[in-house]
Each structure stands twice: as C-alpha cells, then as structure tokens.
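Novice: Need the 3D shape of this:
(one chain, ligands or ions: 1)
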Amino acid sequence: MDLGEIRKEIDEIDKSLVESFEKRLALCRDVAEYKIKSGMQVLDRKREGEKLEQVRNMASSDFNRYGINELFTQIMSISRKLQYQLLADKGVITGLPFEMVPNLQKSRAKVVYQGVEGAYSHAAALQFFGEKAKLFNVKTWDDAMKAICAGTADFAVLPIENSSAGSVANVYDLLVKFDNYIVGETYVKVDHVLLGLPDAEISDIEMVYSHPQGLMQCSTYLEEHREWNTYSTSNTALSAKRVKEEGNKAHAAIASEMAGELYGLKILDRNVMNNRGNTTRFIIVASRKLYEATANKISVCFETKHENAALYNMLSHLTYNGLNMLKLESRPITGRPWEFRFFVDFEGNLGDAGVKNALRGILEEANYFRILGNYYTDKGKSVYENK
Ligand SMILES: O=C(O)C(=O)C[C@]1(C(=O)O)C=C[C@@H](O)C=C1
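Specialist: Alright, predicted model coming up:
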C-alpha cells in the first residue's frame with residue numbers, strides 16, 4: 001500500500017472515531033441531566049474502574065491494553081468536564097463561599113508580621129499596607145496566624161517563597177493548619193549584607209548568624225569563607241540584634257541594610273547573595289474569605305488518591321478550562337509516609353465561569369480540597385521594573 005492510501009484509511013477511521021466520540025458525549029449529556037435530577041455526583045469511580053477493565057479486556061496485546069486504558073481514562077475525564085459545565089449552566093454549581101470586596105481596607109489595618117523590626121517581613125508589611133497601618137510583630141509564623149484567628153490583627157504578612165532558595169515549607173503547612181485565607185501578595189527585593197560591630201573588620205569574623213533562608217541564599221559566599229562557622233537564628237534582623245547585644249567582634253550577621261542601621265552595625269561586605277535579583281514573595285493572610293474585584297491569581301490545595309495519573313488528572317481541569325498554572329508545590333502529609341499534599345497557583349478570578357468549572361472538578365475528584373485564596377498579583381513586576 002502506498003502512504004496516500006494508508007492515510008486515507010486512517011482518515012476514515014478517525015472520522016468514525018470522532019462521530020463515535022460525539023455520540024458518546026451526547027449520551028453523557030443525558031447522564032448529566034439524570035444526575036442533576038437525582039442529585040448524584042458526576043464522578044463514579046466504580047463505573048470508571050469497571051469500564052476500564054472492560055475495554056482493556058477487548059484489546060489484543062499488552063501495548064494496546066495500555067493505550068486503551070489511557071485513551072478511555074481521558075475520554076471519561078472529558079466527559080466529566082462536560083458534565084461539570086452543564087451543572088454550572090443549570091445553576092447546580094453555585095457561587096463559591098468567598099466575598100468579593102472592591103478593595104482591602106489597608107490604611108488603618110492592624111497588621112502582624114513575624115520577627116523583629118527591620119526584618120524583611122516588616123519591610124513587606126510596610127510596602128503593602130503603607131505607613132498608616134498599625135504594625136506589630138510576634139515570635140513565630142504560627143503566632144502570626146493565631147493573631148488573625150483571634151482578631152488581634154486583621155492581616156498577617158508571611159514569606160512564602162524566595163527566588164533562589166525556593167518555597168518556605170512551614171508557611172505552606174500553616175495554610176493547611178489554620179482556617180485563614182490569602183488575600184494579597186507582595187514582592188520584596190532581598191539585598192543581604194554582612195554586618196559586624198562598628199570596630200570589626202572582615203578578618204575578625206569567626207561566626208555568622210542568619211535565618212536558614214539567609215544562609216542558603218548566600219551559600220556561595222559562605223563557601224568561600226569556610227573558616228567561618230554559621231549559626232541559624234529565627235530571623236535575619238534578630239541575628240543583627242544578637243551581634244549588637246553580644247558585642248563580640250568575631251560575630252557577624254547576614255541581614256538587610258535596614259537591620260544594620262536599626263541596630264547600629266557596620267556593613268562589612270555587600271553583594272553576598274548567590275543571586276543579585278534575589279526576591280521574596282510575601283502573602284497577606286486574613287481570617288475572612290475575601291477577594292478583591294481585581295484578583296487574578298488563585299491558590300488551592302488538594303490531596304489525591306495515591307494512584308497512577310492522579311495529579312495529571314487533577315491538573316487537567318486547569319488545562320481543559322484554559323487556566324494558566326503559575327506554581328506547583330508539594331508537601332508531605334503527616335502520618336502518611338510518602339504521600340503528598342499539592343498546592344497549585346493559577347491565573348483567574350473566582351467569578352470566572354472557567355475557574356468555577358475547574359474548581360468544581362477538582363473538588364469532586366480530590367480526597368481533600370481547599371481554596372486558599374484569590375488575590376491580585378503583578379508577578380513581581382513592581383520589584384523588577386523599579387530597581
Ligand atoms: O456513567 C456515568 O455515570 C457517567 O457519567 C459517564 C462516565 C463515562 O464517560 O463513561 C463519566 C463519568 C463517570 O465518572 C463515569 C462514567
């Protein structure tokens with residue numbers, strides 16, 4: 001047979017596949033109508049399992065069995081998405097329990113951050129809320145979350161990821177532990193310097209204090225000074241404070257210039273970071289489910305079944321609804337070794353039909369699901385374009 005003839009035959013088969021696919025989808029519409037009336041869930045795992053076994057058994061080789069399994073998994077996934085759309089059109093999928101507000105009340109807000117004055121979280125809070133907000137600090141991120149639960153603060157400012165050191169794992173875990181929501185984000189340029197006592201010289205240094213993230217972000221510089229010991233503190237600004245209080249010329253801190261000024265320290269070295277464009281993204285968290293009309297980024301968290309293609313199937317709800325994923329993070333689930341909880345950021349607003357449809361799909365198919373927030377992002381442009 002020549003290629004032209006083979007392709008003609010393939011075209012014929014594809015035509016009938018498309019016709020069959022459309023007929024199948026039309027039937028799935030009828031199923032959706034039935035499910036709406038009877039209040040049944042779209043996803044029927046038992047039926048899907050049986051269906052996959054049935055069609056696998058029809059195939060004539062292992063290779064084909066694998067292909068058929070994948071093909072029908074996708075066909076049923078598309079069928080579910082169609083059904084969610086129909087449910088949304090019929091008003092079965094209602095609004096999400098989030099309240100849209102024109103703007104966040106920033107100017108006189110009570111805002112909590114972790115650490116001490118001069119910490120990058122302090123800078124982030126000032127940048128997002130301005131000078132008029134009432135800022136105060138607590139010892140730990142956990143305390144900051146508790147302060148908004150208790151109402152002593154309206155908002156908390158927490159670091160979530162750094163451009164070179166990556167995600168702040170503990171903050172991801174706190175988003176699950178507390179019933180709080182992300183309502184904003186802000187990017188802060190992190191310009192670490194090496195700080196010492198006013199009469200210290202770089203040759204005096206034996207010990208460097210910083211937050212573990214600060215030490216990580218300056219690892220190349222610290223590698224060049226292997227004779228120095230490093231010591232982790234709970235905050236970069238606190239490490240500067242400690243150098244001041246200890247009054248030992250052999251001690252230095254990796255922290256911001258602002259912290260150096262605040263605690264009367266001298267800059268021993270600049271540009272100590274691995275990456276000069278080092279930036280930290282901070283999230284603004286509140287206890288209420290709010291989102292601004294301009295919100296364009298959604299954060300969700302879910303757990304899936306521990307099985308083949310589970311994550312792929314979850315993410316296909318974004319693809320199918322044309323939603324652009326911005327970030328995927330995973331964290332271990334305590335008590336279930338080697339199982340993970342996923343955190344996904346994607347573009348959109350909770351009022352968008354596509355977003356509602358995708359969220360409905362994930363909600364129905366995940367073992368655990370939470371919308372962590374919908375908020376405005378400029379994707380860090382304010383930092384990169386101004387500096
Ligand atoms: O039979 C159903 O209940 C359907 O909704 C159809 C279908 C399918 O495409 O075969 C789709 C989703 C369900 O999870 C199971 C099967």
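
Novice: When you work out contacts or count neighbours from here on, use the C-alpha atoms and nothing else.
Specialist: OK.

Novice: what about Lys177, how many residues close to it?
Specialist: Residues lying near Lys177 (other Cα atoms under 10 Å) number 11.

Novice: repeat for Glu224
Specialist: Neighbours around Glu224, by other Cα under 10 Å: 9.

Novice: Can you give me the distance of it to Cys28?
Specialist: For Glu224, the distance to Cys28 equals 64 Å [Cα to Cα, to the nearest Å].

Novice: so how far is stretch 50-66 from its chain's centroid?
Specialist: 38 Å (Cα atoms, centre = their mean, to the nearest Å).

Novice: er, stretch 281-301 I mean
Specialist: 11 Å.

Novice: Span of that stretch from start to end?
Specialist: 18 Å.

Novice: and that stretch, average pLDDT?
Specialist: Stretch 281-301 carries an average pLDDT of 97.

Novice: Buried ones in that stretch, by neighbour count?
Specialist: Neighbour counts over stretch 281-301 (16 or more other Cα atoms under 10 Å) mark 281-301 as buried.

Novice: before we move on, what about stretch 169-184?
Specialist: 171-172, 175, 179-184.

Novice: Tell me which of those residues fall in strands.
Specialist: If you go by DSSP state E, the buried residues of stretch 169-184 have 181-184 in strands.

Novice: For the residue lying closest to Pro97 once chain neighbours are set aside, give its distance to Asn57.
Specialist: Counting by Cα to Cα, 6 or more residues apart in numbering, Pro97 lies nearest to Lys289, which is 7.2 Å off, once chain neighbours are set aside. Between Lys289 and Asn57 the distance is 48 Å, computed by Cα to Cα.

Novice: before we move on, back to that, what sits against the residue nearest to Pro97?
Specialist: 97-99, 180-181, 373 (Cα atoms under 8 Å, 6 or more residues apart in numbering).

Novice: and the residue of the stretch 101-250 of the chain at minimum distance from the ligand, what pLDDT?
Specialist: Per Cα to the nearest ligand atom, Val176 is where the stretch 101-250 of the chain lies closest to the ligand, at 28.2 Å. Among the per-residue scores, Val176 holds a pLDDT of 96.

Novice: Gly351 too?
Specialist: 88.

Novice: Next, it: phi, psi?
Specialist: phi -80, psi -10 (degrees, to the nearest 10).

Novice: And for it, the neighbour number?
Specialist: Neighbourhood size, Gly351 [other Cα under 10 Å]: 14.

Novice: Run through the helices of the stretch 1-150 of the chain in chain order.
Specialist: 3-38, 45-58, 62-89, 120-129, 141-150 (DSSP state H, counting those that start in this stretch).

Novice: got the angle for the first one vs helix 62-89?
Specialist: Between the direction of helix 3-38 and that of helix 62-89, the angle (axes from the mean of the first three to the mean of the last three Cα atoms, to 10 degrees) works out to 40 degrees.
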